[in-house]
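Undergrad: what would the 3D arrangement of this be:
(chains A and B)
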Amino acid sequence: MLDIATLTLAGIDLGTLPQQLINGILLGAIYALIALGYTMVYGVLKLINFAHGEVFMLGSYGALFTAWALGYGPNGNATQGSVVTLLLMLLGAMALSGMMGLLIERFAYRPIRNHPRIASLITAIGLSLLLQYGGQVVLLEGKKQSIPDKVSPFTGKLEVQFRKPDAKLLEDAKNLDAQVASAQAAFDEQLKFEKGIYDLSPKGEQLGNALDKVKKEQKQKQDEAQKDAVGIQVPHGKLIMLTVTLVLMLMLRHLVMKTRMGRAMRAVSHDFNAASLMGININTVISFTFLLGSVLAGAGAMMYSTFQGAPIDTFSGMAPGVKAFVAAVLGGIGNIPGAVLGGLLMGVAENLVSWAGYSSYRDAIAFVILIAVLLFRPGGILGSNKVEKV
Amino acid sequence: MKFWVPRIMSVALGLVLLILADRFVNGLSNDYVKLVIMLTGIFVTLAVSLNLINGITGQFSIGHAAFFQVGAYTGAVLANGMFKGLAASQPLAWLFLSAIFGAIGAAIAGFIVGLPSLRLKGDYLAIVTLGFGEIISIIARNQKVLGEAYGLSTVKIQSFFMIALLAVVTIAVCRNLLKTAHGLTFLAVREDEVASSSMGVNVTQVKVTAFVLGSAFAGAAGALLTHTKAFIGPADFTMDVSFIILTMVVLGGTGSITGSVFAAIIFYIIPEKMRDLPANIPLAYPVAALIAVFIAVAGMKKIQDEVHGEKVRSTMLNIACIVVGIVLYFILSRTLHIVPFLKKEIIGSNLRMPVLAVTLVVLMLLRPQGIFGHYEFSLDLFKRFFGKNKSNLEAAH
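TA: A predicted model of the protein is given here:
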């Protein structure tokens, strides 16, 4: 069997490493979906669509409102959801963010396509501020919302154990059950004669301390037993999320590589002017690219808020958006497989940072990676390292 | 001899004016108005210093709040630690020193950010500066010395004289820089990096100098902010602050110092004024305004693209668009109440950032070079507007 659990590196618990890697890949799949939007838009327009994070945010709202419309709202009385519920939510999220992507392209980016790129960048910043703060005014006063758990019928968990927890210690912990129960009973009995739980007589306090002590001992034994275990747990919902992500990516690949529109997209990304001379309708292609990227972001948003349980407010698109952008740059911006690779790496890196005990810096790692990539390999991992000529 | 007389005279006059302004502000009875005037001064410094990086040197930096923050925290940490005695006994002397320390701290940060700018340009540099800002703010949020998420509190030393002096010095340095050969190299780098480097301009040095200078001024402003508010926390230096400073620079016109000053004053005071909006505005009003602005701007953009040459006609059409927009706003704001969703009442002061954002987008659509463009506000510009003195102006530019 694997024997990594006995290794400890500077106090880091290597036994939880497999679980953290899996979590990283699951999170990274979502980042990859968002990163695809950044990278495709950059591919055709050479524009960083700063408002993409906000498109993602609107996708979460699309999913939330669909769930509410289906009776999962604060006062709703719907029962456990089904696959159809989830599909409808997915469609709602994709529709809302796809529409938003199209509108942004048509009314904010198209009129200034011939201006210097900085103008588009500032417009994008303005748009994202407008969607964040304007959304805060309009949508539910910007209060944090989350999608109820019961929309998903997949409640199980996939568990794989590479190494079992220490059986003897577990046994010991179990043997303490009787002691805990008796201490609890004695304390509860005493509590009947007390004024309140925070106002105990000396006798009550003594019993309370005894209960705490025995509970602590049991917990310690359990923890010690679990420390030896090496395994992973993945909720079924997250597995579904990974599968859907993979399916969407395969569909995108088919679309880009095998269809007429995909060929037009590749042509525009290769040479904007030459493509228009060859009779490709540039505006249609660009609109389609925005639609595609936004729809993927919407799908990612629905899964992120449903299966990862991320709370939704109008600023919730900012952090995933920035991380996905870093993922796109890391993989090589403009490069579709690169975005997927970058997303997965970002997710894993973020989880490894919290695993190493620096969880408060987990948002900073994205920028550290970004700066390092831009300084040492500006083209990204899979991108080409072009020198900008005059 | 002749050269020095007007210099000394103007410096002396400036100092007298500053002291008078200081007297005036100190004489104000309303503490809130006093604070707003002081913060406006700080934002003038910030906008002009960002203009040095963005407008004059053409390096697109959108993380200016980071340097502001470095300066502010440097000032606060020193005032609470090493210089506690001085800050209590000699407040003004300490304020001066703290501005210098803040400037030094931020200049070091600016140097660090300036280095990657040697290899990056445009939007990549923008993202790196944004990322640097976030890293600084995350570090501040997690260090015990820096007060974590809560922040730091210090002695309150309010001096409009110092704030105004810093703003004037910043403006003077930027303005004088543009009058010298050193300043021309900054402009050359903005216009074309490769061409200027082949003409013997040390592009590396120019870019790093711009970053160091710009961030030093922002740092000094930060140190003054610390003592003006007596309390600073991570919330004072979020990404939004960077974006507000950027908006000021872009609106004023990248490269125009007077433009930055005007925009900073207007765009600090208008959002502050908007805090007084009633807390129960029906949603129909902002929605109506948004639709009206959208239609007017769409019309004006169309005129800009399709009507050429005939100045009178395009001006009339533009005015017509604005009138249509205003009329539309009045009609819509009265009629949109029919939609039940738009009856909802919202808090007026929440509209501050959306208004800024809409202004930014509209300006980018209609006049990407900003209100003043690369020009400075001067009598020449005024005369040109009325068709006089054209040759003179063309000679100047």
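Undergrad: my guess is A:Leu344 contacts A:Leu26, does it?
TA: No. Look at A:Leu344 against A:Leu26 with CB atoms under 8 Å: they stay out of range, at 9.7 Å. C-beta coordinates here come from the backbone N, C-alpha and C atoms, glycine included.
Undergrad: tell me the gap between stretch A:49-57 and the middle of its chain.
TA: Mean C-alpha position of stretch A:49-57 versus that of the full chain (CA atoms, centre = their mean, to the nearest Å) differs by 14 Å.
Undergrad: contacts for it?
TA: A:34, A:37-38, A:41-42, A:97, A:100-101, A:104, A:108-109, A:121, A:124-125, A:127-128, A:131-132, A:135, A:290, A:293-294, A:297-298, A:300-301, A:312, A:314-322, A:324-325 (CB atoms under 8 Å, 6 or more residues apart in numbering or on different chains).
Undergrad: cool, and stretch A:75-86?
TA: Contacts for stretch A:75-86 (CB under 8 Å, 6+ apart): A:Ala67, A:Trp68, A:Leu70, A:Gly71, A:Tyr72, A:Lys150, A:Val151, A:Ser152, A:Pro153, A:Ile240, A:Thr306.
Undergrad: in it, which residues are buried?
TA: Within stretch A:75-86, the residues that count as buried by 16 or more other CB atoms under 10 Å in any protein chain shown are A:Gly81, A:Thr85, A:Leu86.
Undergrad: next up, the contacts around whatever residue of the stretch 101-250 of chain B ends up closest to chain A.
TA: Residue of the stretch 101-250 of chain B nearest chain A, by CB to the nearest CB: B:Gly131 (3.3 Å). By CB under 8 Å, 6+ apart, the contact list for B:Gly131 reads A:Ala366, A:Phe367, A:Leu370, A:Ile371, B:Gly63.
Undergrad: now intersect those with the helices, please.
TA: Among these, the members found in helices (DSSP state H) are A:Ala366, A:Phe367, A:Leu370, A:Ile371.
Undergrad: and chain B, which of these reach it?
TA: Filtering the ones in helices among the contacts of B:Gly131 for proximity to chain B (criterion: CB under 8 Å from any CB of the partner chain) leaves A:Ala366, A:Phe367, A:Leu370, A:Ile371.
Undergrad: out of the contacts of B:Gly131, which is most surrounded?
TA: B:Gly63 (30 neighbours; other CB atoms under 10 Å in any protein chain shown).
Undergrad: how close does it sit to A:Ile282?
TA: 34 Å (CB to CB, to the nearest Å).
Undergrad: count the residues that sit near B:Met353.
TA: A total of 20 residues lie near B:Met353 under the criterion other CB under 10 Å.
Undergrad: hmm, B:Val241 and it touching each other?
TA: No. B:Met353 is not in contact with B:Val241 according to CB under 8 Å; the separation is 11.4 Å.
Undergrad: re the thing from before, need the ones in helices among the contacts of B:Gly131 in CSV (columns: pLDDT and distance to B:Thr57).
TA: Below are the ones in helices among the contacts of B:Gly131 laid out as CSV (pLDDT from 0 to 100; distance: CB to CB, whole Å):
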residue, pLDDT, distance to B:Thr57
A:Ala366, 85, 27
A:Phe367, 85, 23
A:Leu370, 83, 23
A:Ile371, 82, 20
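Undergrad: what's the farthest-apart pair in those residues?
TA: A:Ala366 and A:Ile371 (9.9 Å; CB to CB).
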